[in-house]
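Undergrad: structure of the sequence below:
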Amino acid sequence: MDLAENPQMEDYSLRYTPSAFRTWSPWMVFLSCLVGLSAMAGYALDAAFVNEFGFGSSLLGFAVASVVTLPLTIVIAFAITRRHIDIDLLTRGSGFGYLGSTVTSLVYATYTLIFLAYEGAIMAQAVTALFHVDVHISYVIVSVVMVPLTLYGMTFSSKFQAWTWPLWILLIGFALAIAATSPSAGHHMVHPVTAHGAVAVGGLTLTAVFTIAAAQLSFAVQIGEQGDYLRLMPDPEGAAGRRRWRLAVLMGGPGLSLFAIVIFFASTLLVGYADTETTPDHVAVPVDLFTVVYERAVGDHTVALVLAGVLVLLSQIKINIMNTYSGSLSWSNFFSRLLHRHPGRAVWVVLQVALALVLMEIDIFAHIVTVLAWYANIGIAWIAAMASDLVINKRWLRLSPPEAEFRRAHLYNVNPVGFGSMVAAAAVSIVAYYGAFGSTAADLSPFIAFVLALALPPLVAAATRGRWYIARTSVFPDGATELPCAVCGGSYDVVDMATCPFHQGYICSLCCSTEGSCRDACKPSAWRPPKGPVLLGMPGAAPAPSVSTSLDQAPEALR
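TA: Alright, predicted model coming up:
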């Protein structure tokens, strides 16, 4: 069987996810989303920030970043869940256009790749500590093992994540209980022995706070990974079901920002204890950190190492299933538009793992803070521009269509509203990052990107009168809920279909994306709007709604 035709491997990548496939409960989807809690990157980064800038500055920096990113991620999480499309498809219809979102697919793929490599390096450290193999061999081991664990997508992931949570909670709870009983852990948690630099009243410096907050803004992109699971959420049923559904979406998606504060306190408590027992370089390595903590309770280094190794390996497998899975989706989206081919998500799983191995070999672990500080300028520009379009343009000012259209056949290649705003915001902030506007602007560069990316979309949408959102609409038979694709022969929900004059029939969104011969025959111009709307239907179809109000007036099946 073609890999792209295996539904358990594909998970409806690159297309709308129909209700028949979304059979998991909100609880199971929530547990899959929650794996960000297990990531040892949080413990390592928290230690690095606290040791560099102090506890007070780090805590306030995390809080500032959460205040900024939480509203953005709430908007995007519910948009993904209600529309049952991933963040790439949502981006297309949120002011970026069909090819404009290709750039954001690469931005997103880079994010998943950075953390797959970073978390993989932490996992490799545990393998080396347990089995005494060279760390470069461990990099290969931890990379290879992720391929079979991710091939079967949500079918395997949902079960694995649910079954392993009890063991993870037991191990991490044991470690925290040990550290909490140490009389010196609390003192060293708040006053780390390695904190240095300028210290203001109360140990806070404004520069340190915003330096940390700026780096943390990169984690706004994490909502894309949560969204890859949230799109599989079932439709809510009944009042009680809707409450559970909303809670699962809220806590499984944007709620991770709140959980990050919990992780911060947990990690700094552990670091506070370990600081009294070992050197700072060991504290920064999670397997060494937990070994020191467990040894206090069990009294034996080997037993403590085994416990720490199991915790770190389990944590990293859980989070890297998400990083590999989401990376495979983003690479699928990226290459389907460049190559007009989709060999199957499994192929891009292998690419994601191979690229992560390269990053591990060049020691991304040692440079992660610098990498995140630079990346935050682009990541926050993308997320803020999307949120601005979804809220300001679509809801408040009604400068764009109310729905996020994702089908190639209906989109212009590039929409200047979102894409142009993101590029402008990211460009200005990166110039600021390199010191063109002074040291203060350099420290605050991601916030510059954030403000510009929020403000520009409504200005551009008003200037262009929203004409770059919808290139055309399709007309379908009255009452149709599913239609056959003239290319692949499969039947898909109407919301995933378009009329295709090139193939003289209906075409699904995936076949439309991979069609390289049509040269956008369905649109008179894929790059700029003509003077009037173009509506292409099929014989016997219902009257077409106008472009500007098509989603308001369309049948319920289209909404």
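
Undergrad: mean confidence score for stretch 294-301?
TA: Averaged across stretch 294-301, pLDDT comes to 94.

Undergrad: actually stretch 522-541, sorry about that
TA: Rounded mean pLDDT across stretch 522-541 is 63.

Undergrad: what's the nearest residue to W245 if we skip its chain neighbours?
TA: P236 (3.8 Å; CB to CB, 6 or more residues apart in numbering). In short, each C-beta sits where N, CA and C put it, glycine included.

Undergrad: also V142?
TA: M123 (4.5 Å).

Undergrad: my guess is the residue nearest to W245 contacts V249. True?
TA: No: taking CB atoms under 8 Å as the definition, P236 is not a contact partner of V249, at 9.6 Å.

Undergrad: neighbour count: the two, which is higher?
TA: Taking neighbours as other CB atoms under 10 Å, P236 and V249 compare with V249 leading, 25 against 18.

Undergrad: quick one: the more buried one from D11, how far?
TA: As judged by CB to CB, to the nearest Å, V249 and D11 stand 18 Å apart.

Undergrad: before we move on, what about G97?
TA: Taking CB to CB, one finds G97 at 25 Å from D11.

Undergrad: same question, R345
TA: 7 Å.

Undergrad: find the residues that touch each one of those two.
TA: G153 (CB atoms under 8 Å, 6 or more residues apart in numbering).

Undergrad: distance from the chain centre to the lengthiest helix in the chain, please.
TA: Secondary structure assigned by DSSP state H gives helix 301-339 as the longest helix of the chain. In terms of CA atoms, centre = their mean, to the nearest Å, the centre of helix 301-339 is set 13 Å apart from its chain centre.

Undergrad: now do the shared contacts for P236 and V249.
TA: With CB under 8 Å, 6+ apart, P236 and V249 have common neighbours P26.

Undergrad: if we can go back for a sec, pLDDT at the residue nearest to W245, what is it?
TA: 88.

Undergrad: surely it is within a strand?
TA: No: secondary structure of P236 (DSSP: H, G, I helix; E, B strand; the rest coil): coil, not part of a strand.

Undergrad: mind listing the strands for this structure?
TA: In the chain, the strands defined using DSSP state E lie at 472-474, 482-484, 491-493, 497-500, 505-508, 534-536.

Undergrad: nearest to A432, of the ones you listed?
TA: In terms of CB to CB, the element of the strands of the chain nearest to A432 is strand 472-474, at 39.7 Å.

Undergrad: which of G97 and D11 has more neighbours?
TA: Between G97 and D11, counted using other CB under 10 Å, the more crowded position is G97 (28 against 23).

Undergrad: can you report phi and psi for V487?
TA: phi -100, psi -60 (degrees, to the nearest 10).

Undergrad: count residues in the vicinity of it, would you?
TA: 18.

Undergrad: does it touch S517 like I think?
TA: No: assessed by CB under 8 Å, V487 is found out of contact with S517, at 11.1 Å.

Undergrad: quick one: I87 and T81 touch, right?
TA: No: I87 sits out of contact with T81 when judged by CB under 8 Å, with a separation of 11.3 Å.

Undergrad: which neighbours do those two share?
TA: Going by CB under 8 Å, 6+ apart, residues that sit against I87 and also against T81 are G227.

Undergrad: between the two, which one's more packed in?
TA: Ranked by neighbour count (other CB under 10 Å), I87 and T81 place I87 first, with 31 against 27.

Undergrad: for the residue nearest to the more buried one when sequence neighbours are not counted, give its distance to V371.
TA: Once flanking residues are discounted, I87 sits nearest to G224: 4.1 Å by CB to CB, 6+ apart. Distance, G224 to V371, using CB to CB: 17 Å.

Undergrad: what does A41 give?
TA: Where V371 is concerned, A41 sits at a distance of 12 Å (CB to CB).

Undergrad: so those two - more neighbours on which side?
TA: The neighbour comparison of A41 against V371 (other CB under 10 Å) goes to A41, with 24 against 17.

Undergrad: please name the residues that touch that one.
TA: Contacts of A41 by CB under 8 Å, 6+ apart are 115, 118-119, 122, 319, 368.

Undergrad: rank these by pLDDT and give me only the lowest.
TA: Minimum confidence in these sits at I368, scoring 81.

Undergrad: neighbours around it, how many?
TA: 20.

Undergrad: report the separation between the residue lying closest to I261 once chain neighbours are set aside and T211.
TA: Leaving aside its sequence neighbours, I261 sits nearest to F62 (CB to CB, 6+ apart; 6.1 Å). Using CB to CB, F62 is found at 12 Å from T211.

Undergrad: remind me which residues of this protein are low pLDDT?
TA: Residues of the chain that meet the criterion pLDDT under 70 lie in 1-9, 193-203, 531-559.

Undergrad: per-domain residue ranges of it.
TA: 21-462, 472-558 (automatic domain parsing).

Undergrad: for R15, find the nearest of those.
TA: domain 472-558 (4.9 Å).

Undergrad: give me the contacts around stretch 429-444.
TA: Residues contacting stretch 429-444 (CB under 8 Å, 6+ apart): 207, 210-211, 214, 373-374, 377-378, 381, 445-446, 448-449, 452.

Undergrad: recalculate using a threshold of 7 Å.
TA: Residues from elsewhere that reach stretch 429-444, judged by CB atoms under 7 Å, 6 or more residues apart in numbering: 207, 210-211, 214, 374, 377, 381, 445-446, 448-449.

Undergrad: cool, stretch 103-113 as well?
TA: Contacts of stretch 103-113 (CB under 7 Å, 6+ apart): 87-88, 91, 96, 221, 224-225, 323, 326-327, 330-331, 333-334, 352, 355-356, 359, 378-379, 382.
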